[in-house]
Each structure stands twice: as structure tokens, then as C-alpha cells.
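Enquirer: A structural model of the following input is requested.
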Amino acid sequence: MGCEEHLLAGEETVIFRPFYYYDLGCASYLLGCGSVGRCAVVDPRADDVETYVVFARDKKMQILQVIDTHVHADHRSGGVALATVTGAPYRLYESADVRVSFTPMRDGEEIDLGNTRVRVVHTPGHSPESVSLVVTDLKRGTDPWFVLTGDTLFVGAVGRPDLPGQARENAERLYGSIHDRLLVLPDDLEVYPGHFSGSLCGAGLSGKPSSTIAFERRWNPMLSLPREAFVEALADVPEKPAEMERILAENRGTVSLGTSV
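Expert: Coordinates of the predicted model:
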């Protein structure tokens, strides 16, 4: 497991810890309020559940929310396992097509983690249930600090629209999600996506795992395209590895590990 530690903490305000996995270009995040010891884990991996538990314990924090920004297709989610271990609810957007038990998130919902607040923004396109999470540290102010964009917006790229559903329709939804829901956020807002270079969840991802809204608006080649050109450009996505369908089925709960699809 590869990771870099960035603790954005001052006087026990927000504790923000990315976990970077260079094998698949994936990122998970732990964030919360150090003052009251409440935190959430976003997009956990199944092979690293204990790491999140240990880190939270070392910081004297309780994991109260386990969130997947969408149903993953490139790696096994640790959401259900981490929720089981911690007793926290497992959260997906309300439209998620899964057979696992989860507590639904809704567009505009605010998750209270003490001085840390998380606003759910529905950003479909990569998948119908995809969300982004806008995070505010109330000790710094009421303006949001950063956004976790899942597989919607990457550094230098955008999410692939071809699983599941119709790629063209998903690409049109993705365009709307990015332009109407993310690019309207403050320019200085930090962007932390679910993937970076090495992932097959998009084409042309940067190796830099974070950015800002303003930088992406200026330099991300996909964001300057008009809608039709954006949709046409997304026809050129990496070929789907065969195991993607299997992993997606496992994360949906439609098959178990060791069962053929």
C-alpha cells in the first residue's frame, strides 16, 4: 500500500488524510473533526480496512460514516467491511443499484462531523449514482475548503462514461455534472479525485493527485470543449479490462468472491 500523509490540522480542526494506492492509481480519504473525534472514510479499499481503523484510533477519532462516491469497478470496495467493523453506516447515493445494505445519501444532504461538514452533490455521468463531496471546516470559515470528486473530475481528465449504461447518455450527464455542479464552485477550492495516473477509470489522468477548480478549468483539456465535442471525445476511452465487470458485480453484491460471473 502506497500513501502520502497530509494532515491538514490546526488547533484540532479538520484532520484530512489521503491514502494513495499506486498499483491502480486509486485514492481513499479519511476526514473529520479532531476537536470532537468524528470522522468519515471515503472510497475505502477492501485490502486496507485495518489501516483506516488504526489511523482513526491513533488520532482518537471514531469512524461514523463510511462512504463510497459510487459503485467501484476497478477494485473491491472496503465499504461494507469497514462499516461492519466500526458499526458506522455504509453510505451510497440513493439511486445505487446494489444488493448490499446501505444508508442512502441524497443530493444536498449535509453530513455533520463536528466542525467538519460534508455536503453531498449528485454528479452522475461516470455512473448514475456518482457523487462528489464538498467539505467545509467551520473553524476556518463557512466557505468550502475542498471537494472529493470521486470518478467525476480528475486532474487533467474526466471519468469514463461507459460503465454501466449507455456511454453517450452518460457522457452528456457527465458534462452537465462537471459544468453545472463542480465548475460553479469557488475557484480556489481544492480538488481531490478518486484516481490519478495508473487508473483505467479515465484517459489522460495526471500523476498529480490533487488540483484546484481554477487550475482544472484553465488546463484540463476536456473542460474547454463544448458539449458535443466533449461527448465525442469520451468515445475514446481505455478498453475495459475483463475483470471490471466482475469487480462491479462483487461491489454490487450480485456475486461473491470466488463465484464466476
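Enquirer: Pairing partners for the residue most central in space within the chain in the sheet, please.
Expert: Centroid-nearest residue in the chain: Gly150, 2.6 Å away (criterion: C-alpha atoms, centre = their mean). On the basis of DSSP bridges, Gly150 is bridged to Pro193.
Enquirer: so it touches Ile67, yeah?
Expert: No. Applying C-beta atoms under 8 Å as the test, Gly150 and Ile67 come out as separate, 9.7 Å apart. In this view, the C-beta of every residue, glycine as well, is placed from N, C-alpha and C.
Enquirer: Need the overlap of contacts for those two.
Expert: Taking C-beta atoms under 8 Å, 6 or more residues apart in numbering as the contact rule, Gly150 and Ile67 both touch 43, 133.
Enquirer: how about the spatially closest residue to His70 that is not a sequence neighbour, what does it touch?
Expert: In this structure, His70 finds its nearest non-sequential neighbour in Ser130, 4.2 Å apart by C-beta to C-beta, 6 or more residues apart in numbering. The contact partners of Ser130, by C-beta under 8 Å, 6+ apart, come to 69-70, 93, 122-124, 150-152, 159, 177.
Enquirer: residue ranges with poor pLDDT in the stretch 101-250 of the chain?
Expert: For the stretch 101-250 of the chain, the stretches with pLDDT under 70 are 197-206, 238.
Enquirer: where do the strands sit along it?
Expert: Here the stretch 101-250 of the chain has its strands, by DSSP state E, counting those that start in this stretch, at 103-105, 110-113, 116-122, 131-137, 146-150, 153-154, 157-158, 190-193, 211-212.
Enquirer: Next, the angle from the fourth one to strand 116-122.
Expert: So that's strand 131-137. When axes from the mean of the first three to the mean of the last three C-alpha atoms, to 10 degrees is applied, the directions of strand 131-137 and strand 116-122 differ by 160 degrees.
Enquirer: partners of strand 131-137, with directions?
Expert: Paired strands of strand 131-137, defined by DSSP bridges, are strand 116-122 (antiparallel), strand 146-150 (antiparallel).
Enquirer: Could you provide these in a markdown table, with additional columns for distance to Cys26?
Expert: Below are the strands paired with strand 131-137 laid out as a markdown table (distance: least, C-beta to C-beta, whole Å):
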| stretch | distance to Cys26 |
| --- | --- |
| strand 116-122 | 20 |
| strand 146-150 | 11 |
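Enquirer: For the closest residue in space to Pro44 that isn't next to it in sequence, grab the count of nearby residues.
Expert: Nearest non-adjacent residue to Pro44, counting by C-beta to C-beta, 6+ apart: Gly78, 3.8 Å away. By other C-beta atoms under 10 Å, the residues close to Gly78 number 24.
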